[in-house]
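> Got a sequence here, can you model it:
(one chain, ligands or ions: 1)
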Amino acid sequence: MRSITEAALILLLLAAVPAVYAVTFQVGDNAGWAAGVNYTTWVSGKTFRVGDTLEFKYGPSHSVSVVDKPDYDGCDSSRPTQSFSERDTKINLTRVGTIHFICPTFGHCLGGMKLAVPVLAAVSSAPSPSPSAPSPSPSPKNSKNAKSAASKAKRIMSYGKIGVTMVLIYGVVG
Ligand SMILES: [Cu+2]
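Prediction:
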């Protein structure tokens, strides 16, 4: 009885494992989202995955804007896709690709308050259905069919040979 309970617990733990992989990164570590932090250095050596969370902690003079790459490169905060200023912003990473952040306060991005986070696919034990699953192209399939048809024909021929041999044997015996 006890071992069944233990086994059930282990199964529960195993099922919970993918959730354990989700990580919350505090941007800039203890320095937070602030001037004078090198976010390129902060990003390097870290692995970000879909399901992880970025937490921005910052003072009232800062904000967080999600921008595209050209605006990240050019420190242009005039057309963010998302903006936050609640001083504790949690961004869930939901897509594979690089997500770009800048501080829209004048001069801050140029001063280094910019962050590009490369997001990799989630690690999961459960196979997720892929919309772009590779399907075999028709030509190799056809040649494979032709091959198996040829081997089938060969087999039929050898059966035919055995048949003829048996008929001959019967003929000799009879
Ligand atoms: Cu700022």
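> what residues does the protein put near the ion?
Listed as neighbours of the ion in the chain under the rule Cβ under 5 Å from the ion: 62, 103, 105, 108, 113. For glycine as for every other residue, the C-beta is placed from the backbone atoms N, C-alpha and C.
> Closest to residue 55 out of those residues?
Closest approach between the residues of the chain next to the ion and residue 55, by Cβ to Cβ: residue 62, at 13.8 Å.
> pretty sure the closest one is touching residue 115, no?
No: judged on Cβ atoms under 8 Å, residue 62 makes no contact with residue 115 at a distance of 12.0 Å.
> ok, these two, which is more surrounded?
Of the pair residue 62 and residue 115, residue 115 is the one with more neighbours under other Cβ atoms under 10 Å, namely 23 against 19.
> Find the helix or strand that that one is a member of.
Element membership for residue 115 (DSSP states H and E) is strand 114-120.
> Which elements pack onto that strand?
helix 39-43, strand 48-49, helix 69-74, strand 97-102 (3 or more Cβ pairs under 8 Å, 6 or more residues apart in numbering; DSSP states H and E).
> Tell me which of these sits most buried.
Burial of the helices and strands packed on strand 114-120 is given as mean neighbour count (mean count of other Cβ atoms under 10 Å); strand 97-102 ranks first at a mean of 20.
> Now do that one: everything it contacts.
Contact with strand 97-102 is made by 56, 64-69, 71-72, 75, 77, 91, 93, 108-109, 113-119, as judged by Cβ atoms under 8 Å, 6 or more residues apart in numbering.
> same question, stretch 63-81
Under the criterion Cβ under 8 Å, 6+ apart, residues 33, 56, 58, 82-85, 89, 91, 98-105, 109-110, 114, 116 lie in contact with stretch 63-81.
> now do 6 Å
The contact list for stretch 63-81, computed with Cβ atoms under 6 Å, 6 or more residues apart in numbering, reads 56, 82-85, 89, 100-102, 104, 109-110.
> Report the rounded mean pLDDT for that stretch.
The pLDDT scores in stretch 63-81 average 98.
> Look at that stretch and report the distance between its end residues.
13 Å (Cα to Cα, to the nearest Å).
> What is the nearest of the residues of the chain next to the ion to residue 41?
Nearest member of the residues of the chain next to the ion to residue 41, counting by Cβ to Cβ, is residue 113, at 13.5 Å.
> Excluding sequence neighbours, find me the nearest residue to that closest one.
Excluding its sequence neighbours, the residue lying closest to residue 113 (Cβ to Cβ, 6 or more residues apart in numbering) is residue 103, at 3.7 Å.
> quick one, phi/psi of that neighbour?
Note on residue 103: backbone dihedrals following degrees, to the nearest 10 are phi -90, psi 120.
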